[in-house]
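Chemist: sequence first, predicted model second:
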Amino acid sequence: MGQAPRQSDEELEKRKRMFHWHLFYRNFCGKFPARFFKKAERRGIIKMLQENQQEKEKIMWIDEEALARKDRNQKRKFEMLKKIAITLAGIALVAGVAAGAFVGIFIGKKTEAKQVDAKVAKAVKESEEKAAKEKPKKEEQKNTVDEEKKKEWNLALVNNTHPLDENYHPELAEVENGSTFDARAAEALKEMLAVAREAGLNPQICSAYRTIEDQKAIYNQTMQDWIDQGMTYLEAFEETGKSVAYPGTSEHELGLAADIVSASYGALDEAQAETEEAKWLEENCYKYGFILRYPPDKISETGIIYESWHYRYVGKEDAKKIMESGVTLEEYLGEVY
C-alpha cells in the first residue's frame with residue numbers, strides 16, 4: 001500500500017489552525033457561526049480565513065467578545081455563589097451557636113431540675129425513715145394531743161411534709177397597714193401588738209397572710225438572688241429552702257403566721273433577735289395565743305432556720321403548753337419533721 005503524500009509545513013499549520021478554531025467554537029459557541037460560514041464551507045475554513053483577512057479579524061473579535069462575556073458571566077455567578085455560601089455559612093454558624101447554647105442551657109437546666117426532683121424525693125424518703133424511727137416518740141406524744149384536737153383549725157400543721165390544701169381560703173381581717181390575718185385570730189394579734197407598744201416598744205408586721213402567688217414570688221426572688229451571687233440552680237434551691245417555705249407549704253398561706261420586727265431594725269437576720277421587741281415577743285407571745293414557730297435549737301424538727309420574727313397563732317391554751325414544754329408544733333402534735 002502506497003504512503004500518503006507528505007504534507008508541507010504550511011498545510012500542517014493550516015490544519016492545525018483549523019482544528020483550533022473548530023475546537024474553540026465547539027467549546028464556547030456550541031457550533032460554527034452560521035452568519036460567516038455555510039455548512040459546505042466548514043472544511044475550507046482555513047482557506048477562507050487566508051483569503052479574507054477581514055473576515056478573520058471579525059471572527060476573532062466575536063471570539064474575544066464571546067470569551068469575555070462568558071468570563072464575566074462566570075465571574076458574576078462565582079461571586080454570587082460565593083456570597084450565598086458565605087451568608088448561608090454565617091447563618092448556619094449563628095444558628096449552630098445559638099442552638100448549641102440553647103441546648104446546653106436547656107440540658108443543664110433540665111439536668112439540674114432532675115437533680116432537684118431527686119433531692120426532694122430523697123428528702124421525703126429521709127423524712128419518712130426518720131418518722132419511722134421516731135414512731136415510739138410520736139406514739140408517746142399522741143397522748144398529749146388526741147386526734148380530734150389535731151383537727152382544730154388553730155393547730156393546723158403546714159410544712160414541707162404537710163402541704164396546705166389547694167382549696168383552702170381563710171376568711172381574712174385587716175390588722176394594720178394593709179396586712180391581713182385569719183379573722184378568727186386577728187384580734188389576738190392586734191392585742192399583742194398594742195400591749196407591746198404600751199410597754200414602750202414599737203413592733204411592726206412586715207408580712208402576714210400571703211396568697212400562693214405571693215409565696216411563689218418571694219420564693220423565686222430569693223432563688224434568683226442566690227443565683228445572681230454565683231450559685232447553681234440546685235445550690236440556690238437548697239439555700240432558699242432554709243429560710244423560705246416552698247409555695248403551698250408556708251404558714252403565711254394559712255393566715256395564722258406573722259413576721260414581726262422592730263420598727264428601728266427591719267432586717268430579717270440574726271440581729272433581729274437582739275432587738276427589745278423580739279425579746280418581749282418571745283417572752284410574752286403565749287399570753288395572746290402565739291408561739292415562736294422556729295426556735296434556734298429546733299432546726300432538725302422544723303426544717304427551718306431560726307427565725308426570731310416568725311410567730312404562729314395556736315390559741316392561748318396550746319401556746320402555753322408548747323412554750324412551757326419547750327417543744328415545736330411538730331413535736332406537740334406528734335408529727336416530727
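Modeler: Looks like it came in fine.
Chemist: from residue 147, how far out is the closest residue to residue 305 other than its chain neighbours?
Modeler: Closest residue to residue 305 apart from its sequence neighbours, by CB to CB, 6 or more residues apart in numbering: residue 242 at 5.2 Å. (C-beta placed from N, C-alpha, C; glycine too.) Plainly put, residue 242 is 32 Å away from residue 147 if you go by CB to CB, to the nearest Å.
Chemist: who's more crowded, those two?
Modeler: Taking other CB atoms under 10 Å, residue 242 and residue 147 do not tie; residue 242 has more neighbours (11 against 8).
Chemist: against residue 194, how distant is that one?
Modeler: Distance from residue 242 to residue 194, by CB to CB: 33 Å.
Chemist: again, but for residue 186
Modeler: 12 Å.
Chemist: the more surrounded of the two?
Modeler: Just comparing residue 186 and residue 194: by other CB under 10 Å the higher neighbour count belongs to residue 186, 22 against 13.
Chemist: hang on, the earlier thing: I'd say the residue nearest to residue 305 and residue 306 touch.
Modeler: No: Residue 242 lies out of contact with residue 306 (CB atoms under 8 Å); the separation is 10.4 Å.
Chemist: and residue 184, how many residues sit next to it?
Modeler: Neighbours of residue 184 (other CB under 10 Å): 16.
Chemist: where along the stretch 101-250 of the chain do the strands fall?
Modeler: Counting by DSSP state E, counting those that start in this stretch, the stretch 101-250 of the chain has strands at residues 172-176, 179-182, 203-207.
Chemist: which parts of the second one are buried?
Modeler: What it means is strand 179-182. Across strand 179-182, burial judged by 16 or more other CB atoms under 10 Å covers 179, 180, 181, 182.
Chemist: and the two most separated of those residues?
Modeler: 179 and 182 (11.9 Å; CB to CB).
Chemist: circling back: per-residue confidence for the residue nearest to residue 305?
Modeler: pLDDT recorded at residue 242 is 85.
Chemist: overlap in contacts, residue 179 and residue 182.
Modeler: residue 209 (CB atoms under 8 Å, 6 or more residues apart in numbering).
Chemist: and what about the closest residue in space to residue 210 that isn't next to it in sequence, helix, strand or coil?
Modeler: Spatial nearest neighbour of residue 210, chain neighbours left out: residue 252 (4.1 Å); criterion: CB to CB, 6+ apart. Using DSSP: H, G, I helix; E, B strand; the rest coil, the secondary structure recorded for residue 252 is helix.
Chemist: burial count for residue 252?
Modeler: 22.
Chemist: local confidence estimate at residue 337?
Modeler: Predicted confidence (pLDDT) for residue 337: 56.
Chemist: and for residue 302?
Modeler: Reported pLDDT for residue 302: 89.
Chemist: was I right about it contacting residue 291?
Modeler: No: between residue 302 and residue 291 there is no contact under CB under 8 Å: 11.5 Å.
Chemist: neighbour count: those two, which is higher?
Modeler: residue 291 (25 against 20).
Chemist: give me the phi and psi angles of that one.
Modeler: Main-chain dihedrals, residue 291, degrees, to the nearest 10: phi -130, psi 150.
Chemist: who's it bridged to?
Modeler: residue 312 (DSSP bridges).
Chemist: now do the contacts for it.
Modeler: 285, 311, 312, 314, 319, 322, 323, 329.
Chemist: the last one - how many residues pack around it?
Modeler: Just to be clear, that refers to residue 329. 24.
Chemist: which non-adjacent residue is nearest it?
Modeler: residue 157 (6.3 Å).
Chemist: OK, contacts around that neighbour?
Modeler: 150, 329, 330, 333, 335.
Chemist: excluding sequence neighbours, find me the nearest residue to the last one.
Modeler: Spelled out, it's residue 335. residue 157 (5.7 Å).
Chemist: state the distance from the one you found to residue 284.
Modeler: Taken as CB to CB, the span from residue 157 to residue 284 is 24 Å.
Chemist: ok, so of the contacts of residue 291, who is nearest residue 259?
Modeler: Taking CB to CB as the measure, residue 259 sits nearest to residue 311 out of those, at 7.9 Å.
Chemist: what is the neighbour count of residue 265?
Modeler: Close neighbours of residue 265, defined as other CB under 10 Å, add up to 14.
Chemist: which parts of the stretch 151-300 of the chain are helices?
Modeler: 186-198, 212-228, 233-240, 251-254, 276-284, 299-302 (DSSP state H, counting those that start in this stretch).
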